[in-house]
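**Student:** Compute the structure for the input listed below.
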Amino acid sequence: MTDIRDLHYVRFEMEDLDKQAQFLTDFGFKVTREANRLLARGYDSSPYIYVAEQANGPARFKGMGFEALSHAELERIASIDNVEVEEIDLPGGGLRARMIDPDGNEIDIVYGICQADALAPPERSPLNQDEPRLRVGQRVAYTSTPTSIKRLGHCVLNVTDFRHSEAWYKERIGFITSDEIYIGSEDKALGAFMRLDRGEEYVDHHTLFLVGAGHSEFNHAAFEVCHWDYLMQSHDFLAQQGYEQRWGVGKHVLGSQVFDYWKDPQGFTLEHFTDGDLFNRSFGSHKQPIEKLLAVHWGPEGSP
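**Tutor:** I've put the predicted structure just below:
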C-alpha cells in the first residue's frame, strides 16, 4: 500500500505565457500570472494543478508532482535516489524531493503544501433520468464560477522502455496495474494503465499510463470537470474560439471516462473528462488487447 495521495500537478516551460494563459482560462482553469510563470488551479483545495514556466527555447514538458501523505514517505522515496528534500517556491510552500525518471522527466514528491480555500463548484439542476424524477416544475439552470475543472486526474507518457519505466514508478510511487495493454499476444506488452494502491480506498482506474513508444514524449494530461453538461458546453466554446480538437467527445471502454481532448497553443494535448471508474486493491490487474485501448462505448474511435 502506498502513502501517495494523488497526482498533484504537471509542469511545462514555454515562451508565450500570455497565449497559454488565455487558453488555460478558456479551458476552464482559474489562472494566476506571475512574472515568469503561470499557475492554474481547479475548484478543489489544491493551490495549483498546472504550472507553466517562462523559457526562451521550444516548449517542453518538464515533469509532474505526486503528493505524499507523510514526511516519512517523502524521505523514504527521496532516499531511493539519494536526492535532497528542499522547500517549494510556489503558493502553499511545502517540501519537495525531485527525481529524474528513466526518460529525463522531473518527478517531484511533495508534502506539506498548505491547501487553498476550495472554490464553489459549478452546479446544475438535477437530472430527470429513470426514477425518481428530481427536477420538477423548473427549467434546467446552471451556476457560473471561476473554474469548472475540479482536479488533475491522470497523466500519460510515451516512454523509451516500458518495463524499465514501469518498475521505476512502481518502486517509488507504489502503483499497481489496472490494465496492461498488449499487441498480438499477452507477452508483448505495449504499456499499462496504473492506479495508486490505497488498499480498500477507491481510486481512479489510472493515475499514470505509460506507453512503450520507443521514445520519450508527453502524451496528455487529463482534468476532471464538474459534470457532463459542462464538458459539452466547453467543447462548443473551445471550438468557437478556434482551438484544435484532438479526439472526442466519446466514452472510453478502459476507465469509462467521457472524454474530450484538445491541443493547446504549444501543441500539448489536454483532456476534459468526467464519469471515470473507481477501483480499490480488490479489482486486481488485467491484460487487454490494444483494440480495447482504442475502443469506445460511443463516440469516435481513435487516439489522442
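**Student:** any idea which helix or strand carries residue 199?
**Tutor:** For residue 199, there is no host helix or strand (DSSP states H and E).
**Student:** So it versus residue 172, what's the distance?
**Tutor:** To residue 172, residue 199 is 18 Å away according to CB to CB, to the nearest Å. All C-beta atoms are positioned from the backbone trio N, CA, C, and that covers glycine.
**Student:** Compare the two and say which is more crowded by neighbours.
**Tutor:** Using other CB atoms under 10 Å as the criterion, residue 199 and residue 172 rank with residue 172 on top: 21 against 11.
**Student:** Which phi and psi values does the more buried one adopt?
**Tutor:** The phi and psi values for residue 172, taken as degrees, to the nearest 10, are phi -90, psi -40.
**Student:** Then residue 270?
**Tutor:** Here the main-chain torsion angles of residue 270 (degrees, to the nearest 10) amount to phi -120, psi 150.
**Student:** And it, how far from residue 28?
**Tutor:** 10 Å.
**Student:** Looking at those two, which is more packed in?
**Tutor:** A direct count of neighbours by other CB under 10 Å for residue 270 and residue 28 places residue 28 higher, at 27 against 23.
**Student:** Quick check: phi and psi on the more buried one?
**Tutor:** Note on residue 28: backbone dihedrals following degrees, to the nearest 10 are phi 120, psi 0.
**Student:** Show the contacting residues for residue 189.
**Tutor:** 162-163, 180-182, 212 (CB atoms under 8 Å, 6 or more residues apart in numbering).
**Student:** Just among those, which is most surrounded?
**Tutor:** The member of the contacts of residue 189 that has the most neighbours, counting by other CB under 10 Å, is residue 181 with 24 neighbours.
**Student:** Where does the closest residue to that residue other than its chain neighbours fall, secondary structure wise?
**Tutor:** Leaving aside its sequence neighbours, residue 181 sits nearest to residue 190 (CB to CB, 6 or more residues apart in numbering; 4.6 Å). Residue 190 belongs to strand 189-196 when assigned by DSSP H and E.
**Student:** Do I have it right that residue 140 meets residue 126?
**Tutor:** No - using CB atoms under 8 Å, residue 140 is not in contact with residue 126; the gap is 9.2 Å.
**Student:** Name the nearest residue to residue 80, sequence neighbours excluded.
**Tutor:** Leaving aside its sequence neighbours, residue 80 sits nearest to residue 172 (CB to CB, 6+ apart; 5.9 Å).
**Student:** Sounds good, over and out.
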